[in-house]
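> Following is a predicted model, sequence given first.
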Amino acid sequence: MQIDPSGSRQLLELQLSNVNNQTSGSQSDAGSTVDFANVMDGLLGTGAISTNNTDSTATVSKRSSDGLLWLQLGSTYNPDISTSGLSSASNNIVESLLSVSNTGIVDSGASVPTDYESLIAEASAKYGVPESLIKAVIDTESNFNPNVVSSAGAKGLMQLMDGTAAGLGVSNSFDPAQNIDAGTKYLSLQLQRFGGEVKMALAAYNAGPGRVSRLGVSSDSELMSVLNRLPSETQNYISKVEKAQSKYVI
């Protein structure tokens, strides 16, 4: 889902209105809070924000940003915050919505279900990786087949090599619970290593972090300019995962 610029502007204007109301000490008119929630619902199509007309308390859903990887990468946004009033919460929400990932995909908080929902949700919450991205990697790597083995010896849903699996504490790569947990952890490590640059992290997941580091690039845009220096499999892998991720974002 792409953010419409006019919608983003409306969100920011409502946010500013909330801040002004709070600064002037006016707590009696909850209209701006309700308007903000309505705009959010219209943009996201979900109940990401719940407003209580009695105490004007806004609660940001834990899944409002689908795990939001950026929590582990220095963002001030916290999906577990429950605040009185909407000023700081609305600021964080607008900020997170406008921080579109390099894939151009913004998670609404909902994701197309699979056969491994609870395991994926648990790994997403544990490591801060969006559920849609985890599903996209699984889709691309194994098409959700927990027993698949590649010609190179990678195993299971997220195609773990034996050495990588052992290093992540996996005793059975064909166990979906162990495989998804370890694969997501490994993906989160690459995202942290490369500063949240999704394409770089995906390239590292496929070709190895050392190979990506040797390119001497520090952003996804720089990576794309030298993409031909990576194996064709890795070049295709990035686009495949991004395409798959769009299927799992509602």
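Thanks, I have it.
> got any ranges where the chain has weak pLDDT?
1-111 (pLDDT under 70).
> Kindly recompute the last result at 50.
1-3, 8, 11-12, 18-103, 106, 108 (pLDDT under 50).
> Which residue ranges make up each domain of the chain?
Listed domain ranges for the chain are 5-98, 117-248 (source: automatic domain parsing).
> In this protein, mark out all the helices, start to finish.
Ranges of helices in the chain, per DSSP state H, are 5-23, 31-44, 87-98, 117-127, 131-142, 162-167, 176-193, 198-207, 209-213, 220-225, 232-248.
> Got phi/psi on Pro130?
phi -60, psi 140 (degrees, to the nearest 10).
> mind checking how far it is from Ala123?
Shown here: Pro130 relative to Ala123, a distance of 11 Å by CB to CB, to the nearest Å. Using the backbone N, CA and C atoms, a C-beta is placed for each residue, glycine as well.
> same thing with Phe144?
For Phe144, the distance to Ala123 - CB to CB - is 15 Å.
> Could you check which of these two is surrounded by more residues?
Counted by other CB atoms under 10 Å, Phe144 and Ala123 do not tie: Ala123 has more neighbours, with 26 against 14.
> quick one: the more buried one and Asp181 touch, right?
Yes - here Ala123 reaches Asp181: they are 5.3 Å apart, a contact under CB atoms under 8 Å.
> which ones are touching Val149?
Lys155 (CB atoms under 8 Å, 6 or more residues apart in numbering).
> Any idea what it is bridged to?
Beta bridges link Val149 to Lys155 when assigned by DSSP bridges.
> Chain neighbours aside, what residue packs nearest to Lys247?
Distances taken as CB to CB, 6 or more residues apart in numbering place Val112 nearest to Lys247, at 6.4 Å, with adjacent residues excluded.
> Tell me how many other residues crowd the spatially closest residue to Ala207 that is not a sequence neighbour.
Leaving aside its chain neighbours, Ala207 sits nearest to Thr234 (4.4 Å; criterion: CB to CB, 6+ apart). For Thr234, the neighbour count with other CB under 10 Å is 19.
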